[in-house]
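**Student:** following is a predicted model, sequence given first.
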Amino acid sequence: MCQAVAPEVYRLDPTTGRNEMGEVELSRRLRAAAARGAAGCPEGAITVHPEPQEPEDLDLGPVGLWTFALEELPLDRMRDVAAEIETLGYGTLWFGEAFGRESLTQAAMLLGATERMVIATGIACIYGRDPVTMAQAQRTLAGAFPGRFLLGLGLSAPMAVQRVRRQEFVRPLKTMREYLDAMDAAPLGPDLKRAPRRVIAALGPKMLALAAERAWGALPYLVPVEHTALARERMGSGALLAVEQAVVLDSDLTRARDVARAHVAGYLRVPHYVTSLRALGFTEDQLVGGGSDEVVDALVAWGDLDTVVSRVRKHREAGADHVCLQVLPTDPGGVPLREWRELAAALL
């Protein structure tokens with residue numbers, strides 16, 4: 001079978017009818033064919049060891065945007081908004097994946113609508129694609145847009161996986177590790193000049209360690225500055241730490257806290273976010289009813305521009321390489337272009 005799949009690599013012994021190659025070195029040109037042939041070997045007896053490859057250079061910039069707002073826009077409008085975000089000077093545009101557009105297809109559209117900015121999935125759910133498909137999509141986008149695509153991987157939440165995707169949510173750390181193993185072993189081609197980058201959505205110490213070991217780094221979501229300091233300590237100095245920070249640009253205390261609490265309340269129904277906040281010292285009483293003022297204020301930077309600038313600075317001082325701002329508009333269905341423009345003027 002391996003010879004039928006990749007005849008340019010595998011030769012059959014005319015006497016035995018089997019491939020008897022032993023160990024050989026392959027040129028980069030033949031590695032993809034060799035990997036496809038190995039995948040077709042019925043006995044699973046062929047292993048193609050990856051050639052060490054320098055990782056791609058990606059410049060995320062110190063500040064980016066993280067948003068769900070683009071999912072609801074018509075495609076032409078989405079492209080126009082993405083192009084404006086780039087002109088404002090943001091280094092990276094992150095977007096989530098929930099019940100709207102498929103994230104890797106959306107990444108392709110956003111990459112095509114922009115010229116320089118990095119486009120990052122934050123995150124692409126691993127339950128939504130088998131690992132070979134994920135690796136193929138990553139390499140396709142990295143090859144088409146060199147230095148501009150970052151694959152953020154995550155497990156999503158039990159509710160979304162079990163109720164929506166009809167799959168079993170089990171043992172997150174083991175599941176992620178095995179998924180990365182399968183991505184790395186996928187028979188892929190064509191070859192790329194540089195290895196594409198990936199990050200992992202991580203909160204707890206073991207997942208953060210995995211992100212440092214098996215990826216470029218981590219994307220912690222819904223975390224206070226205290227978590228950023230702990231994450232940097234746990235991952236070491238060499239791993240990328242990109243931190244999501246929710247923002248409400250409104251100095252009216254009641255209105256701003258209402259918007260912030262509505263955002264936080266939804267996540268306080270997700271077990272791993274509650275576990276993460278408990279580990280940081282928040283009590284059970286503080287994590288019910290949408291969260292206490294202390295919880296809301298720690299997770300959402302609300303107020304004027306100076307407040308947001310200060311929060312970004314604190315994350316950076318705590319060890320973040322990159323802070324992606326999620327602006328929570330007072331109009332839940334709106335696109336916060338005004339806030340993005342004001343933040344760009346203050347931060348970039």
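**Tutor:** Looks like it came in fine. Residues are numbered from 1 along each chain as shown.

**Student:** partners of the longest strand along the chain, with directions?
**Tutor:** Longest strand in the chain, counting residues (DSSP state E): strand 240-249. Applying DSSP bridges to the sheet, strand 240-249 is found paired with strand 217-218 (parallel), strand 300-303 (parallel), strand 322-327 (parallel).

**Student:** so which of the ones you listed gets nearest Arg116?
**Tutor:** When the strands paired with strand 240-249 are compared by CB to CB, strand 322-327 sits nearest Arg116, at 15.9 Å. The way it works is simple: take the backbone N, C-alpha and C, and place the C-beta from them, glycine included.

**Student:** how about residues contacting that closest one?
**Tutor:** For strand 322-327, contacts defined as CB atoms under 8 Å, 6 or more residues apart in numbering pick out 60-67, 91-92, 94, 122, 219, 240-249, 308, 312, 315-316, 336, 339-340, 343.

**Student:** tell me the domain ranges of this protein?
**Tutor:** With domains defined by automatic domain parsing, the chain comprises 2-39, 63-347.

**Student:** which one, of these, ends up nearest to Glu54?
**Tutor:** Nearest to Glu54 among the domains of the chain is domain 63-347 (5.6 Å), distances taken as CB to CB.

**Student:** middle-most residue in the chain, spatially?
**Tutor:** Taking CA atoms, centre = their mean, the centroid of the chain lies closest to Gly152, which sits 1.6 Å from it.

**Student:** tell me which element that residue falls in.
**Tutor:** Taking DSSP states H and E as the definition, one finds Gly152 inside strand 149-154.

**Student:** mind listing the strands that strand pairs with, and their directions?
**Tutor:** Strand pairing for strand 149-154, determined by DSSP bridges: strand 118-121 (parallel), strand 124-125 (parallel), strand 198-200 (parallel).

**Student:** dump those to a markdown table, plus distance to Arg214 and mean neighbour count.
**Tutor:** Shown next, in a markdown table, are the strands paired with strand 149-154 (distance: least, CB to CB, whole Å; neighbours: other CB atoms under 10 Å):
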| stretch | distance to Arg214 | mean neighbour count |
| --- | --- | --- |
| strand 118-121 | 17 | 26 |
| strand 124-125 | 16 | 24 |
| strand 198-200 | 8 | 25 |
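
**Student:** tell me which of these lies nearest to Pro271.
**Tutor:** Of all the strands paired with strand 149-154, it is strand 124-125 that lies closest to Pro271, at 16.6 Å by CB to CB.

**Student:** in this structure, where is pLDDT below threshold?
**Tutor:** Counting by pLDDT under 70, the ranges of the chain that qualify are 1-52, 160-162, 164-165, 167.

**Student:** how about Glu226: what's its closest non-neighbour residue?
**Tutor:** Distances taken as CB to CB, 6 or more residues apart in numbering put Leu280 closest to Glu226, at 5.5 Å, once the chain neighbours are dropped.

**Student:** need phi/psi at that neighbour.
**Tutor:** Per-residue torsions, Leu280: phi -90, psi 0 (degrees, to the nearest 10).

**Student:** next, count neighbours for it.
**Tutor:** Residues near Leu280, counting by other CB atoms under 10 Å, number 14.

**Student:** please apply the same query to Pro146.
**Tutor:** Neighbours of Pro146 (other CB under 10 Å): 15.

**Student:** give me the phi and psi for the residue lying closest to Val288 once chain neighbours are set aside.
**Tutor:** Distances taken as CB to CB, 6+ apart put Leu268 closest to Val288, at 7.5 Å, once the chain neighbours are dropped. Backbone torsions for Leu268, taken as degrees, to the nearest 10, come to phi -80, psi 0.

**Student:** mind checking how far Leu268 is from Pro329?
**Tutor:** From Leu268 across to Pro329, the span is 21 Å (CB to CB, to the nearest Å).
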